[in-house]
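A.B. asks: Let me see the structure of the following:
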Amino acid sequence: MQIENSTIGIPTPSTIERVYVFEILHLKQFETGTRIFLTENRILESLEDFSYFDEVLDGFNFFKLSRNQMVNLYHVRNFKKREDKIYLSDHSEIEIAPKKKSEIKRILFNSPLVSLTKRNPSLVDEKEMVF
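C.D. replies: Modelled structure (predicted):
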């Protein structure tokens, strides 16, 4: 699926927010729903369960780091193997479940850098790509 123009509706307690899929950095389950971390330091809180977003974002470039956390691979800047963490385009860091480490490493290693930078070169700095 094309990520550039795709939008999804995110139900919050008071509204349904329409956001572009490429704006989503990562998602995390919390006590009463899902927290969606977006570009420009925006955070939405939805009462929908994490599994709802897992289904809605299926087919896009998202990867489940654990049972309750998912990341948009478009925003991954680097992966520090010894720390079991990935760093995103907004400089946030997310821990990776040990069982997912080899899979994310394989995905990132096999992802052509050209396809990541083609959409928005400012999001990927080749000097910061560490595998």
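A.B. asks: what are the ranges of the helices in this protein?
C.D. replies: Assigned by DSSP state H, the helices in the chain fall at 50-56, 101-110, 113-119.
A.B. asks: In terms of mean pLDDT, which of the ones you listed ranks lowest?
C.D. replies: Of all the helices of the chain, the minimum mean pLDDT falls on helix 113-119 (a mean of 44).
A.B. asks: coming back round to it: pick the most deeply packed of the helices of the chain.
C.D. replies: Compared across the helices of the chain, helix 50-56 shows the largest average neighbour count, a mean of 16 (mean count of other Cβ atoms under 10 Å). Any C-beta I mention is one placed from the backbone N, CA and C, and that applies to glycine too.
A.B. asks: Rebuild the helices of the chain as a markdown table, extending it with distance to Val21.
C.D. replies: Output for the helices of the chain, formatted as a markdown table (distance: least, Cβ to Cβ, whole Å):
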| stretch | distance to Val21 |
| --- | --- |
| helix 50-56 | 9 |
| helix 101-110 | 18 |
| helix 113-119 | 12 |
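A.B. asks: out of those helices, nearest to Ile43?
C.D. replies: helix 50-56 (14.1 Å; Cβ to Cβ).
A.B. asks: Give me the residues contacting that closest one.
C.D. replies: Applying Cβ atoms under 8 Å, 6 or more residues apart in numbering, the set of residues contacting helix 50-56 from outside is Ile8, Leu27, Lys28, Gln29, Thr34, Ile36, Ser46, Lys64, Asn68, Met70.
A.B. asks: In the sheet, which residues pair with the fourth one? Tell me.
C.D. replies: In this structure, Gln29 bridges to Thr34 when assessed by DSSP bridges.
A.B. asks: Quick one: residues contacting it.
C.D. replies: Arg35, Asp49, Phe50, Arg67, Asn68, Gln69 are the contacts of Gln29 under Cβ under 8 Å, 6+ apart.
A.B. asks: Tell me which two of these sit farthest apart.
C.D. replies: Of all pairs drawn from those, the greatest distance, 14.9 Å, lies between Arg35 and Arg67 (Cβ to Cβ).
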